[in-house]
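Student: What would the 3D arrangement of this be:
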Amino acid sequence: MPPSNTDTPRTPQQAAPTALDLGLYAGGEAGPKITGIEIVAIAVSVLWILAVVLIGFGRSGNDTPQSGLGTLVSVLAVIVPLALIWVAAMAARTARALRQEAARLQASIDAMRAAYVEQQQRQSMEMKPELAQKLDDLMAKQAAAETQLATFTTLRTAEPADLRAAVPPSALSDDPAQPQPALALLQPAEVEPISVADFIKALDFPENEHDKEGFRTLRRALEDRATERLIRASQDVLTLLSQDGIYMDDLRPDRSRPEVWRRFATGERGRPIAALGGIHDRSSLVLAAGRMRKDPVFRDAVHHFLRHFDRTFMEFEKNASDAEIADLSDTRTARAFMLLGRVTGTFD
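Tutor: Have a look, this model is predicted:
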């Protein structure tokens, strides 16, 4: 007869099931069944019983029989205090268990918070090489653009003698039979200076895609070297600000007197020109200040824009009337200067 399954010996692996390791979330070890709270309750109960017994012996000489109600009252007088003692003991033990549980929960929360912070720091450390690579690419492109600009400027400012040296001798022959190439660099097209009205209108940019006059004025302003730099810088910061929902048309700055603008053009900074920072839209100021701290590309674009606005306005102020300065202060470019000037502390 084959042996029953109950007689099969257990292997060491089957001796006992392994406990599930819950790690930090496992409950604490079971404490002693009798704690100090129970010991104190037992001692108080014994003292109370002894006190009742002693009082009972003191009254044993009195042979007056008690009624049923009196007996019931005597029993309750003994039992109720004992019940209250043990209710208080159980409440104290429950409170102790709750405090231990709260401590375990707090430790779990602290551990999860620490793990979350560590994960965020690890992710930020992983993102830093990518950010550094983007900044390196941006700086390389900027260096290449400056090199091309320097080369173009050198060709534009070269002397005719240098250009003649660069032309083959056959091209300089006096023989009318030989065709000579046209030397466009020897006779650059003269660009008429932009008018003050067009300059102000260009800094305000076209109203919409149907503003043909605005686009014509903008193209005209881009032909001027100094104005073109300011317009490009202004366009960059306005585009970056719009990514955070900041639009110059939504701002209503305080109008400053032209003499304050003239003091800015003469080099004054800080409190004397504080009236120029007439932007009081708190949300726009907070968003721009936060991006200045976190976004290095935005920060570089802002400083680049402020430098060009400073230089261009110094030249504009020399020949501008008070009315023209007032008109310029109401353009989108001037509002961007007021906003970013407050963020960078120009008016502090």
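Student: all contacts plus neighbour counts: C-alpha atoms, from now on.
Tutor: Noted.
Student: Tell me which helix or strand Phe199 sits in.
Tutor: Using DSSP states H and E, Phe199 falls within helix 196-204.
Student: In that helix, which of the residues would be classed as buried?
Tutor: For helix 196-204, a neighbour-count test (16 or more other Cα atoms under 10 Å) marks Asp198, Phe199, Ile200, Lys201, Ala202, Leu203, Asp204 as buried.
Student: Next, format those as a markdown table and append distance to Leu218 and pLDDT.
Tutor: Below are the buried residues of helix 196-204 laid out as a markdown table (distance: Cα to Cα, whole Å; pLDDT from 0 to 100):
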| residue | distance to Leu218 | pLDDT |
| --- | --- | --- |
| Asp198 | 8 | 85 |
| Phe199 | 8 | 87 |
| Ile200 | 10 | 88 |
| Lys201 | 8 | 87 |
| Ala202 | 5 | 87 |
| Leu203 | 8 | 89 |
| Asp204 | 9 | 85 |
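Student: So Glu268: helix, strand or coil?
Tutor: For Glu268, the assignment made with DSSP: H, G, I helix; E, B strand; the rest coil gives coil.
Student: what about the helices in the stretch 201-348 of the chain?
Tutor: For the stretch 201-348 of the chain, applying DSSP state H, counting those that start in this stretch gives helices covering 212-222, 225-242, 258-265, 282-294, 296-319, 322-329, 332-344.
Student: thinking again about what came up before, just put the buried residues of helix 196-204 in TSV and tack on distance to Thr346.
Tutor: Converted to TSV, the buried residues of helix 196-204 look like this (distance: Cα to Cα, whole Å):
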residue	distance to Thr346
Asp198	28
Phe199	24
Ile200	23
Lys201	25
Ala202	24
Leu203	21
Asp204	22
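Student: hang on, the earlier thing: pull out the CA atoms of the helix holding Phe199 and give them to me as CSV.
Tutor: Provided in CSV are the C-alpha atoms of helix 196-204 (Å, rounded to 0.1, in the frame of the first residue of the first chain):
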residue,chain,number,x,y,z
VAL,A,196,12.3,109.8,-37.3
ALA,A,197,8.6,108.9,-38.0
ASP,A,198,9.6,105.7,-39.8
PHE,A,199,12.1,104.8,-37.1
ILE,A,200,9.3,105.1,-34.4
LYS,A,201,6.8,103.1,-36.5
ALA,A,202,9.4,100.4,-37.1
LEU,A,203,10.0,100.0,-33.4
ASP,A,204,6.2,99.4,-32.9
